[in-house]
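Enquirer: sequence and predicted structure are below.
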Amino acid sequence: MDFRTLSSSPSQIQNLPYIHKVGVPPKQNLLKEITTTVKETFFADDPLRAFKDQPRSRKFVLGMQAIFPILEWGRSYNLAKFRGDLIAGLTIASLCIPQDIGYSKLANLDPQYGLYSSFVPPLVYAFMGSSRDIAIGPVAVVSLLLGTLLQNEIDPTTNAVEYRRLAFTATFFAGITQATLGILRLGFLVDFLSHAAVVGFMGGAAITIALQQLKGFLGIKRFTKKTDIVSVMHSVLGSVHHGWNWQTIIIGATFLAFLLFAKYIGKKNKKFFWVPAIAPLISVILSTFFVYITHAEKKGVQIVKHIEKGINPPSVNEIFFTGEYLLKGFRIGLVAGMIALTEAAAIGRTFASMKDYQLNGNKEMVALGTMNIVGSMTSCYVATGSFSRSAVNYMAGCQTAVSNIVMSCVVFLTLEFITPLFEYTPNAILSSIIISAVIGLIDCDAAILIWKTDKFDFVACMGAFFGVIFASVEIGLLIAVSISFAKILLQVTRPRTASLGRIPRTSVYRNIQQYPEATKVPGVLIIRVDSVIYFSNSNYIKERILRWLTDEEEQRKAACQPRIKFLIVEMSPVTDIDTSGIHAFEDLYKSLQKRDVQLVLANPGPLVIDKLHASNFATLIGEDKIFLTVADAVLTCSPKLVEEV
């Protein structure tokens, strides 16, 4: 068929140019179609491509390299790379040791458990991870989340042993969750937590963490276990006259000012990145020495006291594999594992793009999951990628994951020989270190950009932010996920539609709101549907198109213009349609017939045209009313306009 016409004379037909017919894709085998869909969903990166046409021995080597990437990049490792990794590893170790002691207090665990979590997990990740820049260890947000969820089940003060066992159980199931997502290649589930929700959640968590540190910063002994801002401020202000310790406040304020000044120097001049990195360790050394020589602990200054010496003891027998705490550990581990995974994924992608290399998301999940499973069996709690340490790692010139091995070795030496020296470390300095660290999690610039870009995203951001601050960490997380899902549902159930007009001196048809100079075609209404058409939105799309038609007829009648005879639906953005969508189009066709308006389709995709033919809808409206482009449809429906142009 060279051309089609709906309302034109033979003389006009002769002047019309060639109009190409819409192609119908060949029928695919059902099994092949399902296989293709599954492959694109779960194996889009074609992980087995390297194994094709390889001998068995080579396949074994490639398999080992896939599980342990260190076997691949380790072959080209040299002294120059080790020099960069050594400097970076020593730098992040100086940052992680004081942070780990502080973060373990956020999780309501003894200080050594923070150090344990920076010894074993980084070693496992170095062998299995694919990121060159991530620094592994406990992080503030996950530590707070874990501590909050765990203390809702068991009191860490009166029942410390059971609390610790539940922490290991949650860590075990966090690792199981992460590894399972990677093995089943379900990493795309992490993306359901939008960037805006993460920004709000992190900002709220940062403020919550900072407020929690007021206990150690002010020297308060009796402090609320709740994390919302109202309860915390009530606890802080209620103990002004009898709970604050002025010596503690002086120590905390002095070193907090020093830490913030060090961060300012590091931001001002990138060459001094090492200043904020070693500032926490310097603060710990100076404050510990000061308390030791003045015996400030006798004047009410709270100190760390005893830290267990030695490396991680085994904890397999402490994990709850049965009993009432099994399901509780699984639930807490699931939440903590997903948050840890989201943070690590964001950090990994950020630095991979900066260094222009590919990061395998599924391998990352398996690596993070394995390290937390092994960690749960060696007295560690949930570890993940730390943004502050990863940034320092990157700035210090790390080349590979060997920097994590160097850091782990330093933590090992600390556990074996140096922990007794931390006995007189004041809690105030740990609070100051945590406050200075979490300030960087409050990203005001990102929030402002979200407001300018997408108001609905901003609502998700603020919902998560205020949920964490005024309720709890888990409520804020629930709000963030709920708003993200609500946005998806809203976009799916209420897709955009647009009225199109012709751009002057072209045959291009575009949205008349975006291009006010675009002209409408006499007697023709052109509507574009910007979404797939499924059961969730098919009725809305049908009703919205009819509403477009009603409004347009009223406007043209008032302007004494010809009534609408053709409704052209531009379907290029419609990538798929289901049976509900086809039924909705059948109802639309019947409604248009009653109005004496003919339905015309333009540029349906391969899946859509295949289903239109399979359902006989193409036969119902007539194959001569399905066009390759809007221009072809207009050319046939309104040839007089073409002659005038």
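Expert: Everything's here; your move.
Enquirer: contacts and neighbour counts: CA atoms only from here.
Expert: Fine.
Enquirer: got a list of what Asp457 touches?
Expert: When contacts are counted by Cα atoms under 8 Å, 6 or more residues apart in numbering, Asp457 touches 196-197, 450-451.
Enquirer: next SSE after the longest helix seen in the chain?
Expert: With secondary structure taken from DSSP state H, the chain has its longest helix at helix 325-355. Per DSSP states H and E, the first helix or strand lying C-terminal to helix 325-355 is helix 361-376.
Enquirer: what is the mean pLDDT for the following helix or strand past that following helix?
Expert: Following helix 361-376 in sequence order, the next helix or strand is strand 384-386 (DSSP H and E). For strand 384-386, mean pLDDT rounds to 92.
Enquirer: so how far is strand 384-386 off the chain centroid?
Expert: How far strand 384-386 lies from its chain's middle: 14 Å, per Cα atoms, centre = their mean, to the nearest Å.
Enquirer: kindly report the same for stretch 328-337.
Expert: Averaged C-alpha coordinates place stretch 328-337 at 18 Å from its chain's average position (Cα atoms, centre = their mean).
Enquirer: got the contact list for that stretch?
Expert: Contacts for stretch 328-337 (Cα under 8 Å, 6+ apart): 142, 145-146, 149-150, 153, 166-167, 169-175, 177-178, 320, 382.
Enquirer: before we move on, the earlier item: which of the contacts of Asp457 has the largest number of neighbours?
Expert: Ala197 (28 neighbours; other Cα atoms under 10 Å).
Enquirer: gap between it and Ile450?
Expert: Distance, Ala197 to Ile450, by Cα to Cα, to the nearest Å: 10 Å.
Enquirer: can you tell me the SS state at Ile435?
Expert: Assigned with DSSP: H, G, I helix; E, B strand; the rest coil, Ile435 falls in the helix class.
Enquirer: correction: Gly501
Expert: Gly501 - assigned by three-state DSSP - is strand.
Enquirer: list the contacts for it?
Expert: 509-512, 518-521, 526.
Enquirer: do that again at 10 Å, thanks
Expert: 507-513, 515-521, 524-527 (Cα atoms under 10 Å, 6 or more residues apart in numbering).
Enquirer: could I have the buried ones of those as ChimeraX selection syntax?
Expert: Entered in ChimeraX, the line below selects the buried ones among the contacts of Gly501, by 16 or more other Cα atoms under 10 Å:
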select :507,509,510,511,512,518,520,521,524,525,526,527
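Enquirer: the contacts of Gly501 in strands, which ones?
Expert: 509-511, 524-527 (DSSP state E).
Enquirer: on the pLDDT front, check Ile293 for me.
Expert: Ile293 is given a pLDDT of 94.
Enquirer: just how off-centre is the strand or helix carrying it within its chain?
Expert: Take DSSP H and E as the rule and Ile293 turns out to sit in helix 274-294. Centroid displacement of helix 274-294 relative to its chain, using Cα atoms, centre = their mean, is 36 Å.
Enquirer: follow-up on the earlier one: next, the angle from the longest helix of the chain to helix 361-376.
Expert: On the basis of axes from the mean of the first three to the mean of the last three Cα atoms, to 10 degrees, helix 325-355 is oriented at 130 degrees to helix 361-376.
Enquirer: mind listing what's buried in helix 325-355?
Expert: Applying 16+ other Cα under 10 Å to helix 325-355 flags 325-345, 347-349, 351-352 as buried.
Enquirer: re the thing from before, including distance to Leu237 and pLDDT, could the ones in strands among the contacts of Gly501 go into JSON lines?
Expert: As requested, those are exported to JSON lines (distance: Cα to Cα, whole Å; pLDDT from 0 to 100):
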{"residue": "Tyr509", "distance to Leu237": "65", "pLDDT": "95"}
{"residue": "Arg510", "distance to Leu237": "61", "pLDDT": "94"}
{"residue": "Asn511", "distance to Leu237": "58", "pLDDT": "95"}
{"residue": "Val524", "distance to Leu237": "70", "pLDDT": "94"}
{"residue": "Leu525", "distance to Leu237": "66", "pLDDT": "95"}
{"residue": "Ile526", "distance to Leu237": "65", "pLDDT": "96"}
{"residue": "Ile527", "distance to Leu237": "61", "pLDDT": "97"}
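Enquirer: what ranges does the stretch 401-550 of the chain have for its helices?
Expert: Along the stretch 401-550 of the chain, counting by DSSP state H, counting those that start in this stretch, helices occupy 402-413, 427-438, 444-453, 455-470, 473-493, 538-558.
Enquirer: Thr35 is nearest to which of those?
Expert: Closest approach to Thr35 among those (Cα to Cα): helix 473-493, 25.7 Å.
Enquirer: identify the residues contacting Ala367.
Expert: Contacts of Ala367 by Cα under 10 Å, 6+ apart are 67-68, 121, 124-130, 175, 178-179, 182, 361, 373.
Enquirer: and which of those residues is nearest to Gly204?
Expert: Nearest to Gly204 among those: Gln178, at 24.3 Å, using Cα to Cα.
Enquirer: wait, the closest one touches Leu341, no?
Expert: Yes. Between Gln178 and Leu341 there is a contact under Cα atoms under 10 Å: 7.0 Å.
Enquirer: in JSON lines, list the contacts of Asp457 along with distance to Thr36.
Expert: Below are the contacts of Asp457 laid out as JSON lines (distance: Cα to Cα, whole Å):
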{"residue": "Ala196", "distance to Thr36": "33"}
{"residue": "Ala197", "distance to Thr36": "33"}
{"residue": "Ile450", "distance to Thr36": "36"}
{"residue": "Trp451", "distance to Thr36": "39"}
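Enquirer: of all the residues you listed, which two lie farthest apart?
Expert: Ala197 and Trp451 (12.5 Å).
Enquirer: can you work out which residues contact both of the two?
Expert: 457-459, 461.
Enquirer: of all those residues, which comes closest to Lys263?
Expert: Checking the shared contacts of Ala197 and Trp451 against Lys263 by Cα to Cα gives Cys461 as the nearest, at 26.4 Å.
Enquirer: need the contact list for that closest one.
Expert: Neighbour list for Cys461: 194-204, 447, 450-451, 455, 467, 479-480, 483-484 [criterion: Cα under 10 Å, 6+ apart].
Enquirer: same deal with Val438?
Expert: Val438 makes contacts with 139-141, 202-203, 205-210, 388, as judged by Cα under 10 Å, 6+ apart.
Enquirer: so which strand or helix has Leu620?
Expert: Counting by DSSP H and E, the element that carries Leu620 is helix 617-621.
Enquirer: what do you get for Ala205?
Expert: Secondary structure from DSSP H and E places Ala205 in helix 195-212.
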